[in-house]
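[1] no sequence for this one, just the structure:
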């Protein structure tokens, strides 16, 4: 391999996270042109690949393909470096069975959905949203809600295991809690915008991976004036979820919160149409909810409520230095 596995042992845990990220980007850039050649060989003769890549007008979005490549490379690196990254011990410390873990999941879900319903009620009363369900049949609505609930549960589990179970706890090993919360929340926020749409045609492009990565960084830097409300909102989301982990010394409350938010955000789009004008967007945000001042206030209020409704089990540590 490019580096010796044991060379990671002397590196601080939080630095390993950033090394893993940039190593994954570098390897993905090297693999990208080879994967593009393989995909191009299947176009346009394979209807399945045409549909999968949304191949239209002799082009497809390689930015989307690149995101899948990066995820796959990260997963492989995590598996190969699992001992050096301490990923097993970190995640296990957050999800090991503790007394009241089901109650924590339930509390998180009810707190997340309860606060969101209150928020949606304000939007409805203010005329920002109107009730107009996409599905008219009661059976279809129930089926969609159950599907959304399953998706929310999966998203909540996967993202919390990665961001709070691994990344946040890795930073807690060598950092103070406040620093770990801020840095991991900023990382969580920025990663949501590390993407770009890049249409490509078939043919050999040896530097296509580097082009996508460059455009992704450029998107964050150049467009920061338009995405900063979302950046701030997602930072608050990460901070609330990280505090839930610190308060309970486990991931269960954070998983419940995350799942509740995802479920209601998707359900909100199923039942309501949004009519907010640009003049009130600063207060109510857009369809992403967390982009307005009102959404930030609700997130901070949720953080305060966590302090009163959640208690840490005695004798349980979240990470190696707590």
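    Happy to help now that I have it. Keep in mind that what you see is a predicted model, and the values were worked out from it rather than measured. Numbers count the residues shown, from 1 in each chain.

[2] Test for you: state the pLDDT assigned to the residue lying farthest from the centre of the chain.
    What lies farthest from the middle of the chain is residue 45; by C-alpha atoms, centre = their mean that is 35.0 Å. On the pLDDT scale, residue 45 is placed at 91.

[3] can you list the residues that contact stretch 143-157?
    Stretch 143-157 is contacted by residues 134-135, 255-260, 262-263, 266-267, 270 when judged by C-beta atoms under 8 Å, 6 or more residues apart in numbering. The way it works is simple: take the backbone N, C-alpha and C, and place the C-beta from them, glycine included.

[4] So which bits of it are buried?
    In terms of neighbour count (16 or more other C-beta atoms under 10 Å), stretch 143-157 has its buried residues at 144, 145, 148, 149, 152, 153, 155, 156, 157.

[5] how close does residue 156 sit to residue 17?
    The gap separating residue 156 from residue 17 is 21 Å, by C-beta to C-beta, to the nearest Å.

[6] How about the most centrally placed residue in the chain: what's its closest non-neighbour residue?
    The centroid of the chain falls nearest to residue 159 when counting by C-alpha atoms, centre = their mean (5.6 Å). With sequence-adjacent residues excluded and distances taken as C-beta to C-beta, 6 or more residues apart in numbering, residue 159 is closest to residue 258, at 6.2 Å.

[7] ranges for the strands of this protein?
    Applying DSSP state E to the chain gives strands spanning 60-61, 129-131, 199-200, 272-274.

[8] To residue 207, which of these lies closest?
    Closest to residue 207 of the strands of the chain is strand 199-200 (C-beta to C-beta; 11.7 Å).

[9] elements contacting that closest one?
    strand 60-61 (3 or more C-beta pairs under 8 Å, 6 or more residues apart in numbering; DSSP states H and E).

[10] Can you tell me what sits against the strand it packs on?
    43, 53, 54, 197, 198, 199, 200.

[11] of those residues, closest to residue 225?
    residue 197 (19.2 Å).

[12] shouldn't the closest one be in contact with residue 63?
    Yes - contact criterion C-beta atoms under 8 Å: residue 197 and residue 63 qualify, at 5.0 Å.

[13] More neighbours: which of the two?
    It is residue 63, of residue 197 and residue 63, that has more neighbours when counted by other C-beta atoms under 10 Å, with 18 against 11.

[14] starting at the chain centroid, how far to stretch 105-122?
    Counting by C-alpha atoms, centre = their mean, to the nearest Å, stretch 105-122 is centred 19 Å from the centre of its parent chain.

[15] change the start of the numbering to 40 and stick with it
    Sure thing, new numbering starts at 40, so read that last one as stretch 144-161.

[16] For the stretch 140-289 of the chain, give me the ranges with low pLDDT.
    Within the stretch 140-289 of the chain, the ranges that satisfy pLDDT under 70 run 174.

[17] Apply 80 and report the result again.
    173-175 (pLDDT under 80).

[18] what's the burial count for the nearest residue to residue 108 once chain neighbours are set aside?
    Leaving aside its sequence neighbours, residue 108 sits nearest to residue 67 (C-beta to C-beta, 6+ apart; 4.8 Å). Neighbourhood size, residue 67 [other C-beta under 10 Å]: 23.

[19] sorry, back to before: list just the nearest of the buried residues of stretch 182-196 to residue 136.
    Nearest to residue 136 among those: residue 196, at 15.5 Å, using C-beta to C-beta.

[20] before we move on, the earlier item: so the residue nearest to residue 108 is in contact with residue 110, correct?
    No - with contacts counted by C-beta under 8 Å, residue 67 stays clear of residue 110, the gap being 9.2 Å.

[21] Phi, psi for residue 84 please.
    Here is the backbone geometry of residue 84 (degrees, to the nearest 10): phi -70, psi -20.

[22] how near is it to residue 241?
    11 Å.

[23] now do residue 287
    Taken as C-beta to C-beta, the span from residue 287 to residue 241 is 51 Å.

[24] chain center to stretch 86-99, what's the gap?
    That offset, for stretch 86-99, works out to 27 Å (C-alpha atoms, centre = their mean).

[25] Give the buried residues for that stretch.
    By 16+ other C-beta under 10 Å, the buried positions in stretch 86-99 come out as 88, 92, 94, 99.

[26] Distance of the closest residue in space to residue 216 that isn't next to it in sequence relative to residue 345?
    Once flanking residues are discounted, residue 216 sits nearest to residue 285: 6.0 Å by C-beta to C-beta, 6+ apart. Counting by C-beta to C-beta, the separation of residue 285 from residue 345 is 9 Å.

[27] cool, residue 204 as well?
    18 Å.

[28] got it, and residue 66?
    38 Å.

[29] what about those two, which has more around it?
    residue 345 (22 against 18).

[30] sorry, back to before: which two from the contacts of strand 99-100 end up farthest apart in space?
    82 and 236 (18.0 Å).

[31] so where do the helices sit in the stretch 190-339 of the chain?
    Counting by DSSP state H, counting those that start in this stretch, residue ranges of the helices within the stretch 190-339 of the chain are 208-213, 216-230, 247-261, 263-287, 291-310, 320-323, 332-348.
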